[in-house]
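What follows is a protein structure lacking sequence information:
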């Protein structure tokens, strides 16, 4: 098919405000809470597996402290795994939390990009000539051109501002 590109609507976009918490909008607050709860529970689950798992070696010097295992659990989010399980249960659990972390980071990144690209799209006064006619948005056209005649005929109530030179067209 043939596309007619002789009529182009040029507008100034309205400004969008800066949102310093945009990075949090990738997930809802309930999802953020669920992620934090998952890592807290996984820290204590790993501590339990490490202290009671068959084949795990724990002496009194290397006994896991709560704050250390909690820190290591959250470090799995950026793929800095400090867990060194010896038992099958510990290895399966460590693999699971690392895989969960990878999925969370990937979906967070995808959602953040979506919010940054589509959430910050510019807002225009009108997106079509029909909408410009209805909202009474002025449309600048070349005086006595075929586009001018077409717009007058198709959108009789539109506000047409007639330009007589290229410079005048961009100043309007």
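Everything's here; your move. Here the structure is a predicted model, which means the values were calculated and not measured.

residue ranges for the helices of this structure, please.
Here the chain has its helices, by DSSP state H, at 29-52, 66-75, 88-118, 129-135, 146-154, 166-171.

Which residues are in contact with the closest residue to residue 70 other than its chain neighbours?
Residue nearest to residue 70 in three dimensions, not counting chain neighbours: residue 43, with 4.4 Å by CB to CB, 6 or more residues apart in numbering. To be clear about C-beta, it is placed using only N, CA and C from the backbone, and glycine gets the same treatment. By CB atoms under 8 Å, 6 or more residues apart in numbering, the contact list for residue 43 reads 66, 69-70, 72-74.

Residue 91 too?
residue 85.

Quickly note the distance from it to residue 70.
20 Å (CB to CB, to the nearest Å).

same check, this time on residue 89
As judged by CB to CB, residue 89 and residue 70 stand 20 Å apart.

repeat for residue 104
Taking CB to CB, one finds residue 104 at 17 Å from residue 70.

burial measure for residue 34, as a count.
12 (other CB atoms under 10 Å).

oh, and call the first residue 36 from now on, that's how I've got it
Sure, I'll start numbering at 36, so the last one becomes residue 69.

Need the pLDDT of it.
Per-residue pLDDT puts residue 69 at 95.
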